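Trainee: Prediction below, plus the sequence it came from.
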Amino acid sequence: MRISGGYGSGNALAPGAVAYINRAAFTDPAAYTFGNLPRSAPFGLFVPHLLDESLSLRREIGIRERLKLAFTADVFNITNSVCFAAPGINIDSANFGQVITTTNLPRKIQLNARLTF
């Protein structure tokens with residue numbers, strides 16, 4: 001998005017990054033009055049989608065009649081996708097309109113072995 005002639009550095013999480021929402025388009029309502037925006041999704045603005053795919057593999061091996069060994073591998077966020085959070089919406093904050101966090105975690109792998117007897 002282009003605001004005030006610049007596209008920014010491409011680093012959306014850097015301090016002083018280009019804002020996602022233009023601060024000049026909003027004002028604080030007068031004291032003890034209500035504003036005129038709806039409580040959710042003003043002007044059709046929505047948070048970026050959340051894509052978080054996980055995978056689980058399990059292998060169970062019978063060693064004896066009553067003895068079993070199970071291996072499990074769980075991979076969370078297998079594609080290692082980055083999902084940005086909503087931009088700051090407090091008009092009095094220095095981070096208004098900027099995306100400064102993510103909503104998901106990086107890829108995590110969990111391995112597990114279980115012996116059942």
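Mentor: That came in fine, so what should we check first? Predicted model, so just to flag it, every value in this text is computed and none were measured.
Trainee: quick one, what contacts the residue of the chain most remote from its centre?
Mentor: Distance from the centre of the chain peaks at Glu65, with 46.8 Å (CA atoms, centre = their mean). With contact set as CB atoms under 8 Å, 6 or more residues apart in numbering, Glu65 has no partners. In this view, the C-beta of every residue, glycine as well, is placed from N, C-alpha and C.
Trainee: Which pLDDT value goes with it?
Mentor: We have a pLDDT of 88 for Glu65.
Trainee: Show me where the chain has its strands.
Mentor: 55-62, 68-76, 108-116 (DSSP state E).
Trainee: tell me the most buried of those strands?
Mentor: Highest mean neighbour count of those: strand 68-76, a mean of 14 (counted as mean count of other CB atoms under 10 Å).
Trainee: and that one, what other elements does it pack with?
Mentor: With contacts defined as 3 or more CB pairs under 8 Å, 6 or more residues apart in numbering; DSSP states H and E, strand 68-76 has these neighbours: strand 55-62, strand 108-116.
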